[in-house]
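> what's the 3D shape of this:
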Amino acid sequence: MHVPDTVSSRSEVRQFLVALAGVAFVLSTLGTRDGGPMAFAADIVLVLCGGWCANQLIRGIPIFKEQAICVLQAYFVGLLCCSTVLFLVGWLVFLPSEYLHLGRSLLFAATFTTNFELALLPQDALLRFDGLLDHLWVPALIAQCCGLLVVLCWLFRKNTQRLLLTLGVLAVASLIASTSESPFVELLPIGGLWAFLCGATPFFASNRYRILRYSLLLGIINLLTGILAVTATGDTLFARVFFALAIAFLYLGSRPRASRAGDTQRRRRWFGMALHLFLWAVPLAQLTAALDIMDPSGPAFTALLIPCLLLALLSWSVWQKVEHSMKLDRITPTAVIAGILFANGIISLSAQGMQLRYSERASAYIHALDQTRHTELCPIREDGPLAGLRVCQAGPKGPPTVLVWGDHQLLAMKSGFAEAARRAGVSTLLIAQPNCVPLDGLQTRFATAGKVSGRSCDQHSAQVLQALPHLSSIRQVTLVADWLYYLGDTQAEFQPRPPLRLGPVDGTPFNISRQSEYVETAVRHTVQSLVDTGLRVSVLRQVPALPRFNAEIAARSSAPGQWLYHSMPSLADFVPVNQAQERHTQVDDMFRILSAKGRLTYVDSWPAFCTASRCDARGGLSSDYASSTLLTPSGALSLSGILTKDLKRAQTHVAIRRDTLN
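Down below sits the predicted model:
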C-alpha cells in the first residue's frame, strides 16, 4: 500500500477528519457518553483535541498561550450568551429548583468541572429542565487533560524520550482504568486521558522519530484494523483504541508542513462556529422537548436547526467582536467574562430560585414537589427473613407489632405512618415496592421494560408472606396499594401510566377482561391466609383519585410564561364526592364485603381530604397531592390521626398463631 505524501492527499485526509468530527459532534449532541456510538464520539473529540494541544505546545509556549486564550474566549462568550437565554427562558417557565440547578450547573461549567459534578454529585433529573448544561462535561474533561499535558511538557521539556515514556505509561494506566463501568472513571481524566494522549503522543514522537512520513499509512492501517475489530468483537475498548490511534496518525499526517497566519485565523473561525453549535444544540433540544406538557421526551430536531444556527451565529459574532475589536490584552476580556458567569451562578443560587415569580397558590404546589423529591427510600435489610428487602422501622424500638405492606402509595405515606407509630407507641415495619401489588397468588407482567420486572414483584410478595411466620411479634398486617391501577382503571391518572397485567399463578393464559376478578380472588385468598395464622388484617382505603390534577403541571400553569408550553391542559384540584365514590365503587365493594364478614378492618382515609360535597388536593399551605392518586409528605401527615387509631388496635389484639396450637 502506498499513500502519496502530497498536498492533495493531506487535503483529502483533512476533509475526512472534518467529516468524522461532524459525525462525532452530531452523536455527542444526541446524548451523554455511554457504550457504542457515544463512546466513539467522545474518543474522536478527545483524540483531535489532544493532537491540537500537542501541536500548539510544539510550536512554543507563546503560540500555545495565544491559541489557548482564543479557545477560552470562544467558550466563555458562547457560554455567556447561552446562559443569558437560559436565564431569560428560565424566568418564564422554570420552577425554583430548576432555576437553582441552572445556577449550580453554570458555576461548574465556568470552572471546567462539570464532569466532577456529574461523577461526584449525581442527581436524578426528576424535573423537566434539569441538566441543561450537563453536556459541558466534554469541554471540562478536555481542559483538565490539556492542563495535565502542559504540566508534563514543562517537567520534561529537556528530555523528549522521558516525556514519551511518561505519556505512554499514563495512557496505558488510563486505558486499564477505563475498563471499569463506573461513571466516576468514565467522566474523569482517570478513564478519558488515554484517548487524549493517543492524539498527543504522535505529535511529540514526530519531533524525535521519523514517523511523519509514515503517519498517513499508519492511520489507514489502524483504521482498517479498528473496523475489523468492531466486526469481530463489537463496540469494545479494544476496537476504540485502534480507531483512536488511526485518527491520531491521520491528523498528524494531514497537517501542512508550513503554517500560515491566514490558515490559523480561518481554522479559529471554523472551530469557534463548531464550538458554539455544540454549546447551543443540547440545551435547545432539551428545552423544546420539556415545553411539551404531554410528551416531554421527543424533541423535534428538524425544527431546531434554524434557531440553533441563528443563536450560534449570534454568539459567534459576539466572540469575533471580543477577539478583534477590544483594545485590551487578550486575557483581560476572557477573565471578565468568566467572572460574570461565576457571579451569575452565585446570584441565582442565592436568590432561592426566584420564587417571587409565583403566586401563593402556585407556591403550595412547588412546596409539595420539593417535599416529594427529597423523600428517601427505606434501607435494605442485610439479614433475617426480610434480607434483601427495603424495610423502614417506625415507632419505638423493639420487636415489631405491625407490618405495613404496600406499593408506591405506601412510599408516599411513609411520613404519615411514622408519625402514627410514634403517637400510638407501636413498633411498625414498612415494606413497599413500587407498582407491585401486595397480594399473594398473582403473576405480574409490565407492559414496558422498567427497573423492576414482573418476576421481581412476585418474588417480593412471596418473601414477605414467607417471612411472616418468622416474625412472631407481628400482630397486625396493614395493606396499602393503588387498587385502581391494579384493577385496570386508566382514567384515574392525569398522565396515564403503562398498564400492568395481573393473572393467576396456575399457568392459565391471562385474560385482560378478567383482571379485576383475578385481583378480587387474590384479595380473598391473601386476607384469609393471614387471618388463619392469627393476624389482624386492615386495609387502608385508597385516597380519592383526582383525575384532572398534577402538582407539577399545576405549578407550571401558574408560571409567567405558561403560554410557552405546548398543549397546556385544563386542571382541577378537586373532584365532587359523588364522582369519586363512583370511581372507587369496585374497590370499596371488594373490601367492604370482607369487612362485613369480620375478615378485615377497612380504614377510611377520605375524611382527611373530603367534605360532604367534594375532595380537595389542597389542605393547607402545601398541596396534599403530588399527582392524581399520590400523596405528598404533608398529605400523608394529615392521615396520621386516622392511622394512629388503626395501629392502636394492634395493642389489644392477641395473635393466636396456628403453629402454637399444634
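> what about Cys392, which SS state?
Look at Cys392: counting by DSSP: H, G, I helix; E, B strand; the rest coil, its state is strand.
> For it, give its distance to Gln515.
Cys392 sits at a distance of 30 Å from Gln515 (criterion: CB to CB, to the nearest Å). In this view, the C-beta of every residue, glycine as well, is placed from N, C-alpha and C.
> can you check Tyr365 too?
33 Å.
> More neighbours: those two, which one.
Tyr365 (29 against 19; other CB atoms under 10 Å).
> Next, the buried residues of the helix or strand containing the more buried one.
Assigned by DSSP states H and E, Tyr365 belongs to helix 360-373. For helix 360-373, the neighbour count (16 or more other CB atoms under 10 Å) marks Ala362, Ser363, Ala364, Tyr365, Ile366, His367, Ala368, Leu369, Gln371, Thr372 as buried.
> ditto for stretch 629-644
629-640, 642-644.
> Pull the number of nearby residues for the closest residue to Leu309 other than its chain neighbours.
Take Leu309 and drop its neighbours on the chain: the residue closest to it by CB to CB, 6 or more residues apart in numbering is Leu277, 7.5 Å away. Counted with other CB under 10 Å, residues neighbouring Leu277 total 19.
> State the helix or strand in which Leu277 lies.
Using DSSP H and E, Leu277 falls in helix 261-290.
> how many degrees apart are the following helix or strand past that helix and helix 261-290 in direction?
Once helix 261-290 ends, the next helix or strand along the chain (criterion: DSSP H and E) is helix 301-325. Between helix 301-325 and helix 261-290, the angle comes out at 140 degrees (axes from the mean of the first three to the mean of the last three CA atoms, to 10 degrees).
> if you average pLDDT over helix 301-325, what comes out?
Regarding helix 301-325, the rounded mean pLDDT is 78.
> Can you list the buried residues in it?
So helix 301-325, judged by 16+ other CB under 10 Å, has buried residues Leu304, Cys308, Leu311, Ala312, Ser315, Trp316, Val318, Trp319, Gln320, Val322, Glu323.
> Was I right to think the last one contacts Gln73?
Which is Glu323. Yes. Using CB atoms under 8 Å, Glu323 makes contact with Gln73 at a distance of 6.0 Å.
> Help me confirm that Pro569 comes into contact with Ala554.
No. With contact defined as CB under 8 Å, Pro569 does not reach Ala554; the gap is 10.3 Å.
> who's more crowded, the two?
Per other CB under 10 Å, whichever of Pro569 and Ala554 has more neighbours is Ala554, with 25 against 13.
> State the helix or strand in which the more buried one lies.
helix 551-556.
> For that helix, which helices and strands make contact with it?
With contacts taken as 3 or more CB pairs under 8 Å, 6 or more residues apart in numbering; DSSP states H and E, helix 551-556 sits against helix 360-373.
> Alpha carbons only: can I get the helix it packs on in CSV?
Extracted C-alpha coordinates of helix 360-373, given in CSV (Å, rounded to 0.1, in the frame of the first residue of the first chain):
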residue,chain,number,x,y,z
GLU,A,360,-49.1,32.0,46.8
ARG,A,361,-51.3,29.3,45.3
ALA,A,362,-48.6,28.1,42.9
SER,A,363,-46.1,28.1,45.8
ALA,A,364,-48.2,25.4,47.6
TYR,A,365,-47.7,23.1,44.6
ILE,A,366,-44.0,23.9,44.3
HIS,A,367,-43.5,23.2,48.0
ALA,A,368,-45.3,19.8,47.6
LEU,A,369,-43.0,18.9,44.7
ASP,A,370,-39.9,19.8,46.7
GLN,A,371,-41.1,17.7,49.6
THR,A,372,-41.8,14.7,47.4
ARG,A,373,-38.5,14.9,45.6
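> for the record, mean pLDDT for it?
On average, helix 360-373 scores 82.
> Then stretch 90-109?
On average, stretch 90-109 scores 84.
> quick check, distance from it to the centre of its chain.
Remark: stretch 90-109 is offset 16 Å from the chain centroid, using CA atoms, centre = their mean, to the nearest Å.
> again with stretch 163-174
The answer for stretch 163-174 is 34 Å, by CA atoms, centre = their mean.
> next one: stretch 618-632
On CA atoms, centre = their mean, the centre of stretch 618-632 falls 24 Å from that of its chain.
> mind listing what's buried in that stretch?
618-619, 622-632.
> Out of those residues, which sit inside strands?
Taking DSSP state E, every one of these sits outside strands.
> which of the residues in the helix holding Leu277 are buried?
268, 271-290.
> Next: stretch 530-546.
530-531, 533-546.
> and the helix holding Ala554, average pLDDT?
Mean predicted confidence for helix 551-556 is 88.
> Return the distance of the following helix or strand past it from the chain's centre.
Downstream of helix 551-556, the first helix or strand assigned by DSSP H and E is strand 574-576. Centre-to-centre, strand 574-576 and its host chain are 34 Å apart (CA atoms, centre = their mean).
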